[in-house]
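Q: Everything below, folded, please.
(one chain, ligands or ions: 1)
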Amino acid sequence: MGDGQKNYTSNPKDYKLLEEVGYGASATVYRAIHLPYNEVVAVKCLDLDRCGSNLDDIRREAQILSLIDHPNVIRAFCSFVVDCNLWVVMPFMAEGSCLHLMKIAYPDGFEESAIGSILKETLNALEYLHRHGHIHRDVKAGNILVDSTGEVKLADFGVSASMFDRGDRQRSRNTFVGTPCWMAPEVLQPGTGYDFKWHWRGEGEK
Ligand SMILES: Nc1ncnc2c1ncn2[C@@H]1O[C@H](COP(=O)(O)OP(=O)(O)OP(=O)(O)O)[C@@H](O)[C@H]1O
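A: Have a look, this model is predicted:
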């Protein structure tokens, strides 16, 4: 697993992309080898042409990810532009997302003890993000990742917002982002705005 003190290079030639492990609206995620350290990592390739967000939002996600320092929040080792893509290098979470795990191994849902432990780790992650002024805005099973040791990390800051944003970015907290089934009611209601409480409500109702 990656060490925060290591210097992950921003040269695409230093990474060998292996198989695709997931994809979302604007990104494909690969298992990859960081050749200088011979270490398995995940590389998220964000298609800048396909991204709904503007470059400032994308830069912000990469910046937030690189500053993260919490065991339950996925961090970026580094990020850099390759052709029309932004590559974000992260720890590889071998078990994939909770959504993926449920689909392949737990079609009736996780056992209560597993739910309790995943929720606890996720809430630790949200508490850390809140303390640093971030709202995730897309907490869902597909964004809760598990590694080979069972460690849980919250991922995907593509639609996160900062509580300290002003002006245009503050107005964007009143916009419609996230994944409909997982949204709190006030997010579905245009114009009402929302804040940290959104996370807690979303979590409680899932
Ligand atoms: N670090 C990682 N290690 C292993 N698998 C990962 C990692 N990051 C993401 N994945 C897999 O890739 C999938 C998509 O990743 P992610 O949610 O970051 O993409 P996205 O395009 O931002 O998605 P969305 O459409 O939800 O915004 C995840 O659900 C997960 O299965």
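Q: domain ranges for the chain?
A: 12-91, 96-188 (automatic domain parsing).
Q: Need those domains in JSON lines (columns: mean pLDDT and distance to the ligand).
A: All C-beta spots, glycine's among them, are computed from the backbone N, C-alpha and C. Listed next are the domains of the chain as JSON lines, based on pLDDT from 0 to 100; distance: least, Cβ to the nearest ligand atom, whole Å:
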{"stretch": "domain 12-91", "mean pLDDT": "87", "distance to the ligand": "2"}
{"stretch": "domain 96-188", "mean pLDDT": "76", "distance to the ligand": "4"}
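Q: Is it possible to get a markdown table of the ones you listed that adds distance to K6 and mean neighbour count?
A: Supplementary listing: the domains of the chain in a markdown table, determined by distance: least, Cβ to Cβ, whole Å; neighbours: other Cβ atoms under 10 Å:
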| stretch | distance to K6 | mean neighbour count |
| --- | --- | --- |
| domain 12-91 | 7 | 17 |
| domain 96-188 | 17 | 16 |
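Q: The protein: strands as residue ranges?
A: Taking DSSP state E as the test, the strands found in the chain are 15-23, 27-34, 39-47, 78-82, 85-91, 96-97, 134-135, 144-146, 152-154, 161-162.
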